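Q: Task: produce atomic coordinates for the following.
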Amino acid sequence: MMFIKISFFFTWTCLCIILIVIMKKTLLHPWHETTGARFAPFAGFDMPIQYPSGAVEEHRLCRRSVGLFDIDHMGQVIISGKGAGAGLSRLVSNRILDMKPREARYALLLNDAGGVMDDLFIYRMDADRDKPDPWFVVVNAGNRESDLAYFHTHLASPISVKDISEETYMIALQGPRSVELLDRVTGGIVSGTPRATMTEGTIAGIPVCIGRTGYTGEDGVELFYDAAKALTLWEFLIAQAQEAGIEAGPIGLAARDSLRFEAGMPLHGHEISPEITPLEALLGWACDFEKDFVGKEALLVQKAAGLKRKLVTVNVTGGVPREGYPLQNEAAQEIGHCAAGMFCPTTGTYSANALVPPEYAVAGTRLKVMIRGNPKDTVVVKRPLYTPIYRRIK
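A: Below you'll find the model as predicted:
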């Protein structure tokens, strides 16, 4: 028995060492370490989950001023060549061929059954002699390799698929004062850049592509630039914020999750997955049924038959709902499971997203969530918990 215990301990230790060795790190990892960040594995990367101030304070900082996000675990792909737009259009759910150069759009990559393989941000780029019909696609970290393989399989020559993730660094600045900070360092070009578009600028002498996009519910930008300048630009922005008296700080994965959750934005592997369709996840608006795309027929069949489940947000009393916790109706029958759950700092609620039969999806419906075997009072509420600021601007 002792030998078995020692053997198990040795095997587990070896596995942990192997995971540490193969875990990827962003180029800002040393900076996060010196700042006192706590780390956790995410999509194959050792990512900062929170800093000494704590995830709740980071969340509130982004809501009131400026949060900086190291999101270089995300992947970036350029698809170009004759017919690139038409080819990409057949693979993604949303309409893209009507986009003007430098416009951005959210879209889904679906399988034949209509399940979500990934959600993407797609930018139409300016064409040139070397890159006719170019598209810039941002993919999720955990799906980078599978997305690339899918693109390579379905987009034939003369269409080119190029992964530029290694040479491109990606960070985000989000929050009500983020545009003010970016205007300060770009000569005022960001405030004149419409939402869901991209422009180019220079920050600290570094050429930067500036996407007026983000995933927090706040105004802000996502920056793409030379990975060799990762630390230089990051530290420059922090120094400029301090000089201007703009409160700013780094945001870890925990607060990033609560920010997107409050704003009703899905996270792949939780509210969306290859087993969950856009219709179930309330993302029908990201599907253009006037064009052809992979998964369309399955969605039409599902729509005609009627949904058997759909995404809801619930508030819970007496405990913290977590992924996988079951939901019950008033007859104590299990009707679904939490896809994600947490404390939401802006609303001060313990909330969860779950997939339940449509008859239980009406706001005000009373349910129970089982937390460690104990039923806790739960009510379906209107989504999203936090209306993104750009939806409130007329």
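Q: rest of the way, CA atoms for contacts and neighbours
A: OK.
Q: Show the residue spans covered by the helices in the stretch 1-150 of the chain.
A: 2-22, 29-34, 55-64, 84-91, 144-154 (DSSP state H, counting those that start in this stretch).
Q: Could you tell me the least trusted of the ones you listed?
A: Confidence, taken as mean pLDDT, is least for helix 2-22 of the helices of the stretch 1-150 of the chain (a mean of 47).
Q: What segments of the stretch 251-394 of the chain are strands?
A: Taking DSSP state E, counting those that start in this stretch as the criterion, the stretch 251-394 of the chain contains strands spanning 310-316, 326-328, 334-344, 349-356, 366-371, 374-381.
Q: Just tell me which of those ends up closest to V139.
A: strand 334-344 (20.9 Å; Cα to Cα).
Q: and the residue nearest to E222 when sequence neighbours are not counted, backbone torsions?
A: Closest residue to E222 apart from its sequence neighbours, by Cα to Cα, 6 or more residues apart in numbering: A172 at 4.2 Å. Backbone geometry at A172, expressed as degrees, to the nearest 10, gives phi -130, psi 150.
Q: residues contacting A172?
A: G67, L68, F69, D70, I71, G214, G220, V221, E222, L223 (Cα atoms under 8 Å, 6 or more residues apart in numbering).
Q: most surrounded residue in those residues?
A: G220 (30 neighbours; other Cα atoms under 10 Å).
Q: ok, the residue nearest to it when sequence neighbours are not counted to L28 distance?
A: Sequence neighbours aside, Q174 is the residue nearest to G220 in space, at 4.3 Å (criterion: Cα to Cα, 6+ apart). Using Cα to Cα, to the nearest Å, Q174 is found at 18 Å from L28.
Q: Same drill for the two, tell me which one is more crowded.
A: Set Q174 next to L28 and count neighbours by other Cα under 10 Å: Q174 wins out with 30 against 16.
Q: which strand residues sit across from that one in the sheet?
A: G67, G220 (DSSP bridges).
Q: Relative to G249, how far out is it?
A: 10 Å.
Q: if I look at those two, which residues touch both of them?
A: With Cα under 8 Å, 6+ apart as the test, Q174 and G249 both reach V66, G67, L68.
Q: I'd guessed the second one sits against L61; true?
A: Yes. Because the distance of 6.4 Å satisfies Cα atoms under 8 Å, G67 is recorded as touching L61.
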